[in-house]
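S.K.: Got a predicted model here, sequence first, then my questions.
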Amino acid sequence: MLTSGSPEQRYKTIQAIGNACLKWGFFEVINHGVPNTLRDEMMRASESFFDLSDEQKREYAGKKLFDPIRWGTSFNVNVDKTLFWRDYLKIHVHPQFNAPQNPLGFSETIQEYCKRVRELANELLKGIMESLGLEESYIQKAMDLETDSHQLLVVNLYPPCPQPEVVMGLPPHSDHGLLTILMQNDHVGLHVRHDGKWIPVNPPPGSFVVNIGDHMEILSNGKYKSVLHRAVVNGKATRISVATAHGPPLDTVVGPAQDLLDNENRPPLYRGIKYREYLQLQQSNQLNGKSCLDHVKVNINDTCCK
Ligand code: OGA
Ligand code: NI
């Protein structure tokens, strides 16, 4: 309905997206155009990657944040006080494409999957811009998004845990980018914070879960808030989730959209920051709620006194 419906259907869908962004910061997408066969292939290929021997995987045990491929455990073992029950594979896939050589065919699958999901992200971003009352291609123009947007692929593996109630897969956090698009296998584990409670997310088969990241909160000047979420583990089955984080180009300074501001009633609530710096900040500290956003919040009292 967003891309192929009548103008009226598109309008209604944009309103629904706007409502979801306001109230939840999360929504589910169906009929998204990414073929099920490709989704299944991506899931299978991810499993095969984690099934490689540790020796083979160690080749990708990148140390630095901007290493193109990083395989690891927990969130940031250099600073995590408690380790999380999670292994990950993180790959910078756009604008430069990277992929592990193994398993065979993984690279082609990642490339196609990430391209299709990026197309979906671009359509959703246009809808979200319109829901904010901005021109639909606002973000694409302001940030050269079509060519240079940054896309990070994060594959999460949560093995079954003998004592799931005392561990966490991923602690409460918000995501750094503009949007995250998540696919998961059959096992529920994602919880979203809403009205002071943790709500388990159990999306319909074949759908994607989409959430607002910190950079959309900044860009929308706080209208659409990034929302806390966490991943819990279970005692029986391995859970895999494939997240793609869609952000602005790494060297773009993102601040609140000028068109949403006015000096008297709507001052900027966040200062501009380069996405690269923000990523550095978030990924080199402990994952701790939405604390990273505090670094870019403007103290309202400061602006009032000027
Ligand atoms: C993430 C994330 C949730 C999940 O990768 O940022 O929140 O369900 N993942 O794995
Ligand atoms: Ni997340």
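M.R.: That came through, no problem. Ligands and ions are numbered 1, 2, ... in the order given.

S.K.: Tell me where the stretch 101-250 of the chain has helices.
M.R.: Counting by DSSP state H, counting those that start in this stretch, residue ranges of the helices within the stretch 101-250 of the chain are 106-131, 138-143, 145-148, 214-219.

S.K.: Mind listing residues that contact the second one?
M.R.: What that stands for is helix 138-143. Here helix 138-143 makes contact (Cβ atoms under 8 Å, 6 or more residues apart in numbering) with 122, 125-126, 129, 135, 145-146, 149, 178, 219, 248-249, 252, 254, 257, 259. Glycine gets a C-beta too; all of them are placed from N, C-alpha and C.

S.K.: Now with 7 Å, please.
M.R.: By Cβ atoms under 7 Å, 6 or more residues apart in numbering, the residues outside helix 138-143 that reach it are Leu125, Met129, Leu145, Glu146, Pro248, Pro249, Thr252, Ala257.

S.K.: on that earlier part again, can you say which of the helices of the stretch 101-250 of the chain is packed in most?
M.R.: Highest mean neighbour count of those: helix 214-219, a mean of 27 (counted as mean count of other Cβ atoms under 10 Å).

S.K.: Does that one reach ligand 1?
M.R.: No: using Cβ under 6 Å from any ligand atom, helix 214-219 stays clear of ligand 1, coming no nearer than 11.5 Å.

S.K.: Does that helix pack against any helices or strands, and if so which?
M.R.: With contacts taken as 3 or more Cβ pairs under 7 Å, 6 or more residues apart in numbering; DSSP states H and E, helix 214-219 sits against strand 253-254.

S.K.: Partner strands of the strand it packs on, with direction?
M.R.: Applying DSSP bridges to the sheet, strand 253-254 is found paired with strand 273-274 (antiparallel).

S.K.: next one: the partner strand to chain centre, how far?
M.R.: Offset of strand 273-274 from its chain centre (Cα atoms, centre = their mean, to the nearest Å): 18 Å.

S.K.: What is the subsequent helix or strand relative to it?
M.R.: helix 275-283 (DSSP states H and E).

S.K.: Just the buried positions in that following helix, please.
M.R.: Tyr275, Arg276, Tyr278, Leu279, Gln282, Gln283 (16 or more other Cβ atoms under 10 Å).

S.K.: does Val227 really touch Gly25, like I thought?
M.R.: Yes: applying Cβ atoms under 7 Å as the test, Val227 and Gly25 come out as touching, 3.2 Å apart.

S.K.: Name the residues contacting each of the two.
M.R.: Asn211, Ile212.

S.K.: just the strands in the stretch 201-306 of the chain please.
M.R.: If DSSP state E, counting those that start in this stretch is used as the criterion, the strands of the stretch 201-306 of the chain fall at 208-212, 229-231, 239-247, 253-254, 273-274.

S.K.: residues contacting Ser149?
M.R.: Ser149 sits in contact with His94, His246, Gly247, Pro248, Pro249, where contact means Cβ under 7 Å, 6+ apart.

S.K.: Let me fix that, I meant to ask about Met183.
M.R.: Neighbour list for Met183: Arg39, Phe208, Ser241, Val242 [criterion: Cβ under 7 Å, 6+ apart].

S.K.: so what's it bridging to?
M.R.: For Met183, the beta-bridge partners under DSSP bridges are Val242.

S.K.: coming back round to it: can you lay out the strands of the stretch 201-306 of the chain as a markdown table showing mean neighbour count, mean pLDDT and distance to Tyr60?
M.R.: As requested, the strands of the stretch 201-306 of the chain are exported to a markdown table (neighbours: other Cβ atoms under 10 Å; pLDDT from 0 to 100; distance: least, Cβ to Cβ, whole Å):
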| stretch | mean neighbour count | mean pLDDT | distance to Tyr60 |
| --- | --- | --- | --- |
| strand 208-212 | 24 | 98 | 26 |
| strand 229-231 | 21 | 97 | 22 |
| strand 239-247 | 24 | 97 | 16 |
| strand 253-254 | 18 | 92 | 29 |
| strand 273-274 | 16 | 93 | 26 |
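
S.K.: what's the closest of the ones you listed to Asn98?
M.R.: With Cβ to Cβ as the criterion, Asn98 lies closest to strand 239-247 of those, at 13.7 Å.

S.K.: what's next to that closest one, contact-wise?
M.R.: Here strand 239-247 makes contact (Cβ under 7 Å, 6+ apart) with 42-43, 46-47, 114, 117-118, 121, 149-158, 175-185, 187, 189, 213, 215, 233, 275.

S.K.: Could you do stretch 71-79 as well?
M.R.: 57, 60-61, 80, 83-84, 86-89, 283-287.

S.K.: let's see it at 10 Å
M.R.: Stretch 71-79 has contacts (Cβ atoms under 10 Å, 6 or more residues apart in numbering) with 49-50, 52, 54, 56-63, 65, 80, 82-91, 100, 155, 157, 168-171, 173, 282-288.
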